[in-house]
Structures are given as C-alpha cells and as structure tokens.
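Participant: sequence first, then the predicted structure, then my questions.
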Amino acid sequence: MSSALDVTEALDIEPPTTELIRRVSSSLGLSTSPTGTFHGPPWTKTATSLTRSTTGGASHKQLKPFAAEEIKILLLENVNTTGQDILRSQGYQVTALKSSLPEDELIEKIRDVSVIGIRAKTKLTARVLQEAKNLMVVGCFCIGTNQVDTKFAAERGIAVFNSPFSNSRSVAELVVAEIISLARQLGDRSNEMHKGTWNKVSNGCWEIRGKTLGIIGYGHIGSQLSVLAEAFGMSVIFYDAVNLMALGTAKQKPTLEAMLRTADFVTCHVPELPETKNMIGRKEMEYMKDGSYLINASRGSVIDIPALIDAMRSGKIAGAALDVYPAEPAGNGDYFTNELNPWAEDLRSLKNIILTPHIGGSTEEAQSAIGIEVSEALVRYVNEGITLGAVNMPEVNLRSLTLDEPNHVRVIYIHRNIPGVLRGVNAILGDHNVDKQMTDSRGEVAYLMADISDVNVTVIKDIYQRLESLSSRIMTRVLY
Ligand SMILES: NC(=O)C1=CN([C@@H]2O[C@H](COP(=O)(O)OP(=O)(O)OC[C@H]3O[C@@H](n4cnc5c(N)ncnc54)[C@H](O)[C@@H]3O)[C@@H](O)[C@H]2O)C=CC1
Ligand SMILES: O=C(O)CCC(=O)C(=O)O
C-alpha cells in the first residue's frame, strides 16, 4: 500500500499531517492512481453484515482510507470486542481502554484521534470537542447521547452515531425483575440471609398480577416493558410528551399527575433533557399512591433523590430501584460514597431499595449487538461518508460506486446552512461530470455528497482546494 506521503506528493499538498490525510485521502481506497488496488469489501473480512446499496449486480467498490493505519481510534468504557474487531479489521489503529477518562486526560488523547467510541459516562463537552482537531466522528456505544454536545459537534463537522435500540430489551427485562423484587422485598430478604438471618414474612409483600404499572416515556424501552408487564397480568398506563399508539391494552394518560395518582409502580424511561430534570420531585412523589414503588433506569437527573429518601423514610414510597445517578464513577471500584453523591450513604441505609451500577444495558446480547451496530456505522461513515443513523447530521447516502467505475471520486462537503452555498459548490463541481449528488440540512449544518466521474489526481486536488476555500466550509473530504 502507498504511504500518506505518496499521496501528498502526488497531490502536491503540504505538509503531510494527519489532518490532511483525514480531509484529502480520508477516503479511501486511494492509491496514487484512482485505478489502483482495491481491497475486498469489509463484509468479506468480518462475520458481520455491513449494509450496502444495491448496485444493479455490479461489484461494490469499497471506498477505504488510503492509509488506513493512519486512522486512529480511541475506544473508552470497555466497548465490546465485536466492535473492536470490526474496526481493527479495517486496518485502523485502535486503542481500547476499559474505563472513561478524566477531562484533562481525555483532551490530551482526543487531539490525536479521528474517531472516538464512548458509552454513557464520557462527557464530550464543547471544551473537549474544541480540542479534537482531527476528530471526524463519535460513536456512542449506547442509546443515550446526552453525554455529547451533539450540536457543537455538528458545527465542527463531527458526526455522532449511537445504537438506538440494541439494549432496549435488556433494560425492559431488568425493570421487570425489579418490579417483582420490590413487590416481594427480595433484596432485603437476600441481604438478611447473607448475614445469617432467617426472616420469613408476608407483610407488605405482593403479587404483581392485577397491579398497575405507570411508564413515563413510552419509547423503545417503555413500550417493550409495556408488553412484558401485561404478560404478567399487570395493567399498564403511560405518560409521554407525544401521543403514541398504545400496545396491547395499555392506556396513555393525559398528564403526569393523572398517571402518578393511579399507578402502583412508576418507572422512568425518558432521555436526559432540561424538561426531564427532577421530573419526579417532591410534588410528584406526593401525587403517587401511598405504598407505591418508584424505578429509574433512565438518567440520574430524572429523579430528585433527596426527595426520594424522605418519601421512603416516611413510608409514602414502599420501595425503589435505581440504576442511574447524577454522578457516576469513571470505572469500577468502591466509589458509591458521599464523595460521589452527597446522599449516597442515606440511600444505602434504606430498606427495600435496589441499587445497581448502571447495568440496564449490560448484557452479552446487548453489548455484542451494540458493538457491531455502532462500529459498522463508523466504518460506513469513515470509508464512504454515509450519515444514515447519525443523531446530529442530515441523513445522506448515495448508491455505492462499483468496480466498473474506477475513475470516480466521492466528494463530501459539510458546510454551514446559509443561502448561496450550492451556487458556489456547483461552480466548482459543475466543470465535471457529476453522476449523482445529494444534499440535505439539519439546523445550521448541511451535508453534500457527490460522485464525480473521469477524475485524475490533479482534478481531485483542485476540487478539494477550491471547496476548502469557500467561506461556508466546515469540513471537506474526498473519497475514492
Ligand atoms: N440504564 C441503562 O443502562 C439505560 C438507560 N437508557 C436511558 O433510557 C432512555 C430512554 O430510552 P429509549 O426508550 O430507548 O428512548 P426513546 O427515545 O425511544 O423513548 C423516550 C420517550 O420519552 C418521551 N419523552 C421525552 N421527553 C419527555 C418528557 N419531557 N415527558 C414525557 N415523555 C418524554 C419521548 O417522547 C419518547 O417516547 C435513554 O434516553 C437513556 O437515557 C437507555 C438504555 C440503557
Ligand atoms: O452501559 C452503557 O453503556 C450505557 C447504557 C445507557 O445508559 C444507554 O444506552 O443510554
């Protein structure tokens, strides 16, 4: 394979920085000649199933980084090996760490990488992203993307992908287990037995059959849970910000208050948003039925925990299960103390409370599926510029190039969404044979993808440099 330097010499662009490789040859199946060697498609190398466009029977031409080993990827928080394997099989340089990183260390490391993979704990704030000079894409190997400043990322041309539902079932199953465990005080009985105490009681222990489950947030997880709960003979009611079709015999309630006043068990499945902060506070706990139960496996900010402690001490709430907390440690260890969250010890001292370390999505099935799904999205984005599934960019895709089209180039132009940009871009691309083109915008950012035929290295260099000089430019990539 040719080196990065070969390309920059051929294109006469200096100096040969990683930045340059990212922008110009981040493409890639690139040799100094567009008709150079092509690699087998990635799905022939992994056991996975990268989706691809149909090309009418012709062989799909893989766009691959010219110097794949120059693509540096940092994976934090123990991303599953399924995902690591897919990325390594592309020839990228992958560093995988088990935990998250403190902000200053993260800033040091992120400066150097083209791709970062995280889970729920790593905070990619504007301050961190500002320093990520080479970063083109973030993979959230989880559902939530609240830990990333996705708007700031888009404004810097950094796409963000997640896995919207691969762990939904795992969370729903955990909540079912918690509903039964709270109703039967299983946590307390088990703790007593571990200490040698036999305490056979039925007082305050219930079947869940015939009880009412109130679900806040009837999305992927809430609706899965709805089906499971009905199978146990529960009645399901839910509250959501939008009107949704209820599954089975579930019923949507018009207000949160109406839902809280009726449910025996309340469970939260909303994203972290300003509107969902302390969504269940003192007032809402007052609305809840005496002796009801509260579960939170969404985000730690959704429940006012000091209010919950008071409500449990008074007996208003008979039991609770928490999987998420306002502050969570970067890795495993003895961290669940008042230093982390000032009320941690009060919480730990309560009866009939199940405390789990954010394991809602932590199953072999979910982590394996997420590893594959997010890594494949990252490969598609790095190699082909496809944004399908991105949470902060318009979704843009073009039919794949084929091996019958050797002298084609794919141009990606991420730009500010302002009037007149296409006039400028078309003045540059218009001199060439644009086979197909798609552009779309999302908020202040627009994404243009165009496949151009009959190009040589001089033409590519010219297109790249002229696009880069436009004032609307956020990021230009040229792939072939
Ligand atoms: N504990 C864990 O390990 C996991 C936690 N999660 C958390 O669970 C959350 C929910 O996940 P999904 O069900 O996949 O999300 P989703 O996006 O499919 O559903 C969320 C639902 O909440 C509703 N909603 C949003 N704002 C609301 C508001 N202010 N009031 C009422 N309803 C509102 C939405 O309309 C939507 O129906 C995620 O955002 C994530 O934070 C997700 C996976 C694992
Ligand atoms: O375990 C994880 O990676 C985080 C799960 C989660 O909270 C999510 O998917 O949003």
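Facilitator: Happy to help now that I have it. Ligands and ions are numbered 1, 2, ... in the order given.
Participant: quick one: strands adjacent to the helix or strand hosting Met449?
Facilitator: In this assignment (DSSP states H and E), Met449 forms part of strand 445-453. Next to strand 445-453 in the sheet, as set by DSSP bridges, lie strand 409-416 (antiparallel), strand 433-442 (antiparallel).
Participant: turn those into TSV, columns for mean pLDDT, distance to Lys72 and mean neighbour count.
Facilitator: The way it works is simple: take the backbone N, C-alpha and C, and place the C-beta from them, glycine included. What follows is the strands paired with strand 445-453, written out as TSV (pLDDT from 0 to 100; distance: least, CB to CB, whole Å; neighbours: other CB atoms under 10 Å):
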stretch	mean pLDDT	distance to Lys72	mean neighbour count
strand 409-416	96	20	25
strand 433-442	96	27	15
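Participant: out of those strands, the one nearest Leu308 is which?
Facilitator: strand 433-442 (37.6 Å; CB to CB).
Participant: ok, which stretches of the stretch 51-200 of the chain are strands?
Facilitator: Under the criterion DSSP state E, counting those that start in this stretch, strands of the stretch 51-200 of the chain are mapped to 72-75, 93-96, 115-118, 137-140, 159-161.
Participant: out of those, which is closest to Gly291?
Facilitator: Between the strands of the stretch 51-200 of the chain, strand 137-140 lies closest to Gly291; by CB to CB that is 38.3 Å.
Participant: can you give me the buried ones in the closest one?
Facilitator: Val137, Val138, Gly139, Cys140 (16 or more other CB atoms under 10 Å).
Participant: got the contact list for the strand holding Met449?
Facilitator: Applying CB atoms under 8 Å, 6 or more residues apart in numbering, the external contacts of strand 445-453 come out as 154-155, 157, 385, 387, 392-394, 396-398, 401, 405, 407-417, 421-422, 425, 429, 432-441, 463, 474.
Participant: just stretch 105-116 next, same as before
Facilitator: Contacts for stretch 105-116 (CB under 8 Å, 6+ apart): 18, 22, 26, 71-76, 87, 92, 100-101, 122, 124, 127-129, 131-139, 378, 382.
Participant: for ligand 1, which of the strands of the stretch 51-200 of the chain is the nearest?
Facilitator: Of all the strands of the stretch 51-200 of the chain, it is strand 137-140 that lies closest to ligand 1, at 10.5 Å by CB to the nearest ligand atom.
Participant: enumerate the residues of the chain near ligand 1.
Facilitator: 143-144, 167-168, 171, 217-222, 239-242, 269-273, 275-276, 297-299, 323-324, 358, 360-361 (CB under 6 Å from any ligand atom).
Participant: helices - which of these land there?
Facilitator: Ser168, Val171, His220, Ile221, Gly222 (DSSP state H).
Participant: I'd assumed Tyr239 was in contact with the last one.
Facilitator: Going back to what we said before, that points to Gly222. No. Taking contacts as CB atoms under 8 Å, Gly222 lies outside contact range of Tyr239: 9.5 Å.
Participant: and the gap between Leu247 and ligand 2?
Facilitator: Counting by CB to the nearest ligand atom, to the nearest Å, the gap from Leu247 to ligand 2 is 21 Å.
Participant: that residue touches Ala229, doesn't it?
Facilitator: No. Judged on CB under 8 Å, Leu247 makes no contact with Ala229 at a distance of 10.3 Å.
Participant: compare neighbour counts for those two and give me the winner.
Facilitator: Ala229 (25 against 16; other CB atoms under 10 Å).
Participant: secondary structure class of the more buried one, three-state.
Facilitator: Using DSSP: H, G, I helix; E, B strand; the rest coil, the structure places Ala229 in helix.
Participant: identify the residue spatially nearest to it, adjacent ones excluded.
Facilitator: Leu213 (4.6 Å; CB to CB, 6 or more residues apart in numbering).
Participant: doesn't Thr262 make contact with the one you found?
Facilitator: No. Using CB under 8 Å, Leu213 makes no contact with Thr262, being 10.3 Å away.
Participant: mutual contacts of these two, please.
Facilitator: Counting by CB under 8 Å, 6+ apart, the residues touching both Leu213 and Thr262 are Ile237.
Participant: show me the contacts for the residue of the stretch 201-350 of the chain found nearest ligand 2.
Facilitator: Closest residue of the stretch 201-350 of the chain to ligand 2, CB to the nearest ligand atom: Val324 (6.9 Å). The contact partners of Val324, taken as CB under 8 Å, 6+ apart, are Asn296, Ala297, Ser298, Arg299, Gly300, Val302, His358, Gly360.
Participant: next: Gly248.
Facilitator: Ser226, Val227, Glu230, Val236.
Participant: can you tell me the residue of this protein closest to ligand 1?
Facilitator: Closest point on the chain to ligand 1, by CB to the nearest ligand atom, is Gly219, at 1.7 Å.
Participant: that residue is in contact with His269, isn't it?
Facilitator: Yes. Under the criterion of CB under 8 Å, Gly219 makes contact with His269 at 6.4 Å.
Participant: more neighbours, those two?
Facilitator: Taking neighbours as other CB under 10 Å, Gly219 and His269 compare with His269 leading, 28 against 18.
Participant: please look at that one and Ala297 and confirm they touch.
Facilitator: Yes. Taking CB under 8 Å as the definition, His269 is a contact partner of Ala297 at 7.2 Å.
Participant: anything in contact with each of those two?
Facilitator: Val171, Ile221.
Participant: returning to that earlier point: need the buried residues of strand 137-140 in a markdown table (columns: pLDDT and distance to Glu373).
Facilitator: Output for these, formatted as a markdown table (pLDDT from 0 to 100; distance: CB to CB, whole Å):
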| residue | pLDDT | distance to Glu373 |
| --- | --- | --- |
| Val137 | 98 | 14 |
| Val138 | 98 | 15 |
| Gly139 | 98 | 10 |
| Cys140 | 98 | 11 |
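Participant: what's the closest of those residues to Asn341?
Facilitator: Using CB to CB, Cys140 comes nearest to Asn341 of the buried residues of strand 137-140, at 23.5 Å.
Participant: which ones are touching the residue lying closest to that closest one once chain neighbours are set aside?
Facilitator: Closest residue to Cys140 apart from its sequence neighbours, by CB to CB, 6+ apart: Asn162 at 4.1 Å. Going by CB under 8 Å, 6+ apart, Asn162 touches Gly139, Cys140, Phe141, Cys142, Ile143, Gly144, Thr145, Val374, Gly389, Val391.
Participant: mind running it again at 6 Å?
Facilitator: With CB atoms under 6 Å, 6 or more residues apart in numbering as the criterion, the residues that contact Asn162 are Cys140, Thr145, Val391.
Participant: do Ala320 as well
Facilitator: So Ala320 contacts Leu294, Ile353 (CB under 6 Å, 6+ apart).
Participant: state the helix or strand in which it lies.
Facilitator: strand 317-322.
Participant: partner strands of that strand, parallel or antiparallel?
Facilitator: By DSSP bridges, strand 317-322 pairs with strand 292-296 (parallel), strand 353-355 (parallel).
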